[in-house]
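J.: using only what follows, build the 3D model:
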Amino acid sequence: MFRTPTAEVADDGIITAGASFYNKKYQLYSNYQDHVFGAYITLGFIPRTEVSIRISRKIDSDYTSHVMDRILSAKFLIIKEGNFIPNVTLGLQNPYSTLVSANHFNSTYLVASKNIPIGSFFKNFSLTAGYGSDIIKAADYEFIGAFGGMELTFNLQRYLRTDLSLIIEHDAERLNGALKLILFNTVQIMGGLQGFDAFSGNLAFSFTL
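T.: Numbers count the residues shown, from 1 in each chain. Coordinates of the predicted model:
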């Protein structure tokens, strides 16, 4: 969704590359002192499996020793969505680092998502619920405890070849709200408020191998 993971995984052969801005107000990684820039690439290369690589950099940092943080994450679709059952996915976010002190944004979570088509203009309504654990030792974590949210998608393809989504979520720490645009089924633009008071955003491009 916005900050919260869902049970959706990338289709086989789909690559998404993007960049994100994270507001310092809710960034433990930067001790709440610096905004954070993240760049990532996500690949669906075998059925039911998604792998992501992300680098994060403190934007305002003047520490000469700080370069960037590197994250390898994976999602595994355990149960595929049906008429009455949701997608269920196991997520491993940054499960390994050579040093505990260098392991940031860690989470091991189980999450379920259900899509509900509701009409032509209201294209889709999705619900997500999950639980994240800190069983892997790390310097800091995300999505620890219960998290979830909902996303309502408006179908504007007839007019603008665009889908517009309204997102309300709880990332296990705070409520967030966001808007997401999907242009030409390729470009994603997302912006919102963490805690409804701190702006963060994302720009991404998806294409098929």
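
J.: other residues contacting the lowest-mean-pLDDT helix or strand in the chain?
T.: Taking mean pLDDT, DSSP states H and E as the measure, the helices and strands of the chain show their lowest mean at helix 157-160, namely a mean of 72. For helix 157-160, the surrounding residues in contact (Cβ atoms under 8 Å, 6 or more residues apart in numbering) are Asp163. In short, each C-beta sits where N, CA and C put it, glycine included.

J.: list the buried residues for the helix or strand following that helix?
T.: Under the assignment DSSP states H and E, the closest C-terminal helix or strand after helix 157-160 is strand 162-170. Applying a neighbour-count criterion of 16 or more other Cβ atoms under 10 Å, the buried positions in strand 162-170 are Thr162, Asp163, Ser165, Ile167, Ile168, Glu169, His170.

J.: now do the least confident helix or strand of the chain: distance to the chain's middle.
T.: With Cα atoms, centre = their mean, to the nearest Å as the basis, helix 157-160 stands 26 Å off its chain's centre.

J.: can I get the buried residues of strand 162-170 in JSON lines with pLDDT and distance to Phe143?
T.: Conversion of the buried residues of strand 162-170 to JSON lines gives the following (pLDDT from 0 to 100; distance: Cβ to Cβ, whole Å):
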{"residue": "Thr162", "pLDDT": "87", "distance to Phe143": "29"}
{"residue": "Asp163", "pLDDT": "90", "distance to Phe143": "25"}
{"residue": "Ser165", "pLDDT": "96", "distance to Phe143": "20"}
{"residue": "Ile167", "pLDDT": "98", "distance to Phe143": "15"}
{"residue": "Ile168", "pLDDT": "98", "distance to Phe143": "16"}
{"residue": "Glu169", "pLDDT": "98", "distance to Phe143": "11"}
{"residue": "His170", "pLDDT": "98", "distance to Phe143": "10"}
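
J.: strands of the chain, start to end?
T.: Residue ranges of the strands in the chain, as given by DSSP state E, are 14-22, 36-46, 49-58, 69-79, 87-93, 107-116, 122-133, 145-155, 162-170, 175-183, 187-194, 198-208.

J.: before I go, just wanted to say thanks for your time.
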